[in-house]
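Chemist: dropping the sequence and predicted coords here.
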Amino acid sequence: MADDGKRAQPLGRAVIAVVLAGSPAGAVDRVEAVGAVSCGGRVKSYAVDFLAPDSEALEAGAKALVRELEVDRRVRLSLDGRSCAESHCSFRASKGQTYRLVAESERVDFDQICIVISRP
């Protein structure tokens, strides 16, 4: 029985390492509603997986907030790995398709970095 305890210890450490690696710091938020605003706090990069509820034309934008007010900060946005001009992307969503949106900033001089998904 003592051998089983010794073998379980490294397995327990491996489980803890997997749990820590999957911590919220590296998590991707999931959004399923048009009109949704999803914010990631004081981070350099924030990702959202958007599951399109319908097939329609949509827009996505990225913004920075300080004390819940939008501020003029340089925030980049990409859609499925492609850069968007001026932090805005227009795209045709297909029902049931998932799209990855990533907002990024070189400096973290804001309270929140947010991604907005809306109709044009």
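Modeler: Great, that's in hand.
Chemist: ok, residues contacting the helix or strand where residue 46 lies?
Modeler: According to DSSP states H and E, residue 46 maps onto strand 45-51. The contact list for strand 45-51 (C-beta atoms under 8 Å, 6 or more residues apart in numbering) reads 28-32, 38-40, 60, 93, 96-105, 113-115, 117. For glycine as for every other residue, the C-beta is placed from the backbone atoms N, C-alpha and C.
Chemist: mind listing what the following helix or strand past it pairs with, with the direction of each?
Modeler: Remark: after strand 45-51, the chain's next helix or strand is strand 56-66, criterion DSSP H and E. Its sheet considered, strand 56-66 pairs with strand 69-71 (antiparallel), strand 88-93 (antiparallel), strand 112-118 (antiparallel) by DSSP bridges.
Chemist: tell me, how many residues neighbour residue 112?
Modeler: 20 (other C-beta atoms under 10 Å).
Chemist: surely it and residue 42 touch.
Modeler: Yes. Between residue 112 and residue 42 a contact is recorded at 7.4 Å, counting by C-beta atoms under 8 Å.
Chemist: which ones among the contacts of strand 45-51 map onto strands?
Modeler: 29-31, 38-39, 60, 93, 98-104, 113-115, 117 (DSSP state E).
Chemist: selecting buried members of these in ChimeraX, what would you type?
Modeler: The ChimeraX selection below is limited to those of those classed as buried (16 or more other C-beta atoms under 10 Å):
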select :29,31,38,39,60,93,99,101,102,103,104,113,114,115,117
